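>>> I would like to see how this sequence folds:
(one chain, ligands or ions: 1)
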Amino acid sequence: MLPTGEEAFCDAMEQAVPGCRPAVAALLALGKKATQAQAVVMGQHPGPEEGKLTVHIRDQVRAISAKTKDSILQSLERNGIAAPSRCRSGECGDCRTRLLSGEVFAPKAMEHRRQADHTYGDVHACCTFPLTDLEIDVPPAESC
Ligand code: FES
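Numbers count the residues shown, from 1 in each chain. Okay, here's the model as predicted:
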């Protein structure tokens, strides 16, 4: 459900260009996500500042806290979980982590995932930020 102002905008656009309502609504949603993502990077996330991060690593499952302004990798390290990493800028892929559930954001400038990463739901933990509670599967640091 769109907020009232966005509903009115979609209605106006639909009157001007019949049939465009779904596309306009989708563009508004994308804009909202971009704004949310920018807020994360700027440390001004509109949602909760902290959420739950459920981490599967080896045969263990741990629940830790994750701040929305911290990357997933930073949250892992802050909670004493050794996860693989190298460049810490999104380029090497060593921090590849499988996202099992939840929504994340990766700044476009740091988004270097391959098509296979998108296909399998992998993120680069060093430059990916939580937008909701997350559940992830992290490879042990020794496996790199
Ligand atoms: S540590 Fe290199 S992509 Fe994350």
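>>> The chain: strands as residue ranges?
50-57, 60-67, 96-101, 104-105, 122-124, 129-130, 134-138 (DSSP state E).
>>> I'd like these as CSV, with mean neighbour count, distance to the ligand and mean pLDDT appended.
(Each C-beta comes from the backbone N, C-alpha and C, glycine too.) Output for the strands of the chain, formatted as CSV (neighbours: other C-beta atoms under 10 Å; distance: least, C-beta to the nearest ligand atom, whole Å; pLDDT from 0 to 100):
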stretch, mean neighbour count, distance to the ligand, mean pLDDT
strand 50-57, 18, 16, 93
strand 60-67, 14, 16, 94
strand 96-101, 18, 7, 97
strand 104-105, 20, 14, 88
strand 122-124, 24, 4, 97
strand 129-130, 26, 13, 90
strand 134-138, 21, 12, 97
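>>> Number of residues surrounding residue 84?
Around residue 84 there are 20 other residues, counting by other C-beta atoms under 10 Å.
>>> wait, what's in contact with residue 61?
Remark: with contacts taken as C-beta atoms under 8 Å, 6 or more residues apart in numbering, residue 61 is in contact with 54, 55.
>>> Return the residues in contact with the residue nearest the centre of the chain.
Centroid check for the chain by C-alpha atoms, centre = their mean gives residue 104 as the closest residue, at 1.2 Å. Residue 104 makes contacts with 72, 123, 128, 129, 130, 131, 134, as judged by C-beta under 8 Å, 6+ apart.
>>> Nearest spatial neighbour of it, chain-adjacent residues omitted?
Using C-beta to C-beta, 6 or more residues apart in numbering and skipping the chain neighbours, the partner closest in space to residue 104 is residue 128 (4.9 Å).
>>> Just put the strands of the chain in CSV and tack on distance to residue 22.
Shown next, in CSV, are the strands of the chain (distance: least, C-beta to C-beta, whole Å):
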stretch, distance to residue 22
strand 50-57, 30
strand 60-67, 33
strand 96-101, 26
strand 104-105, 24
strand 122-124, 28
strand 129-130, 28
strand 134-138, 29
